[in-house]
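S.K.: below is the sequence, then the predicted model.
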Amino acid sequence: MTLRIALIGTGAVGRGILEAMSRKDLGIVLTGVADSRSGLIHPDGLAPADLLHRKRETGLVGDLSCTAHDVVFNAPYDVLVEVSPTDAQSGEPATTYMRTALSRGCHVVTSNKGPVALHYHDLKEEADKAGVSFRFEATVAGAIPILHTLLESLGGNEIHALYGVLNGTCNYILTRMAEEGLSYKQALDEARALGYAEADPTYDVKGIDAAIKLVILANTVWNRRITLHNIDITGIDLLTEEAIRLAEEQDATIRLIGEIIPAKNLYRLSPRIIPRHHPLVVHGSLNAIIVRTDLAGDLVFSGKGAGSLETASAVLGDILSIRDRYAGGH
Ligand code: HSE
């Protein structure tokens, strides 16, 4: 079965999806695409490589006469792939796009954290009513399939606690400052140039991005109904170069750690001094997660937490699992 997708957003994640689709035949046809200013609809399929070229050359993926709204409402697709930048306050316009797709009986796959953090339970209910899937693996920990693992592979476990490095940008900054002596600003500029940071990088450095991921984990894995207000958040924006140097002198380092201990209703994100050889001390844009379970014991995961192809990997996994599930495959 060939699955038709419409892609909203051509930032780092959207371009990664187009790049992967241009490199290999994934059995997916792209029938619509849009960025913030332009769009294209083509029921027979658009060529991902041509779209990438056009975006690079003109800054626009499509025509000014077509908008994201037109694509969401009118393009023929089976899956809406929403990968536009996160708005943590309103979740818009992405939430409206997702609701529209669900009401059209289409599946939704997203890397957009705002709508999932704000409206997970409602969107899931709408998807269930419509008999379609709502998937968002890419919203947490980039390439690491942590949601699938916690919700499905570890489904028979009680998850007692989760500790994690959940923001690639902050981890990259902390690593570059400690290991190369870069200033905070130099390291942040590099993280932005590499496509790790959010469109608004204050989301990263103030800890909002990682805290949103804690909200998504709590609400999906533990079925809670928390918001950003329930998270005790300290970012890395006020951390000094001196503090990092002092930690390094004690054979330790600083990492921005998220914690969930559901039995205590503890949801916290803060920079922590940890021994240099601790499993959560990963480098560059890596993320790392430890989960503590009743049956499986402790598990450690690590992998690229940000980046264009890495995040696209998680989005594509969701799309292909929908294709297999609804085609009656494995
Ligand atoms: N800006 C995010 C990060 C992207 O640096 O982790 C992935 O969610």
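M.R.: On my side now, so go ahead. These numbers come from a predicted model, not from an experiment.
S.K.: tell me which parts of the stretch 101-250 of the chain are close to the ligand?
M.R.: Residues of the stretch 101-250 of the chain lying close to the ligand by Cβ under 6 Å from any ligand atom are G142, N167, G168, T169, Y196, A197, E198, D204, D209. Every C-beta, even on glycine, is put in place using the N, C-alpha and C of the backbone.
S.K.: tell me the pLDDT at the nearest residue to R224 once chain neighbours are set aside?
M.R.: Setting aside the residues directly before and after it, R224 is nearest to A218 in space (Cβ to Cβ, 6 or more residues apart in numbering), at 4.4 Å. Looking at A218, its pLDDT is 98.
S.K.: where along the stretch 1-150 of the chain do the helices fall?
M.R.: 12-23, 48-58, 68-74, 94-103, 113-130, 146-148 (DSSP state H, counting those that start in this stretch).
S.K.: which residues does the residue in the stretch 201-330 of the chain that the ligand sits nearest to contact?
M.R.: Per Cβ to the nearest ligand atom, A306 is where the stretch 201-330 of the chain lies closest to the ligand, at 3.8 Å. The contact partners of A306, taken as Cβ atoms under 8 Å, 6 or more residues apart in numbering, are G142, N167, G168, T169, Y172, G195, Y196, A197, S285, N287.
S.K.: among those, which lie within strands?
M.R.: Residues of the contacts of A306 located in strands (DSSP state E): N287.
S.K.: take the contacts of A306 and write them to JSON lines, including pLDDT and neighbour count.
M.R.: Below are the contacts of A306 laid out as JSON lines (pLDDT from 0 to 100; neighbours: other Cβ atoms under 10 Å):
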{"residue": "G142", "pLDDT": "97", "neighbour count": "27"}
{"residue": "N167", "pLDDT": "98", "neighbour count": "35"}
{"residue": "G168", "pLDDT": "97", "neighbour count": "30"}
{"residue": "T169", "pLDDT": "97", "neighbour count": "28"}
{"residue": "Y172", "pLDDT": "98", "neighbour count": "24"}
{"residue": "G195", "pLDDT": "92", "neighbour count": "20"}
{"residue": "Y196", "pLDDT": "95", "neighbour count": "29"}
{"residue": "A197", "pLDDT": "95", "neighbour count": "26"}
{"residue": "S285", "pLDDT": "96", "neighbour count": "24"}
{"residue": "N287", "pLDDT": "98", "neighbour count": "28"}
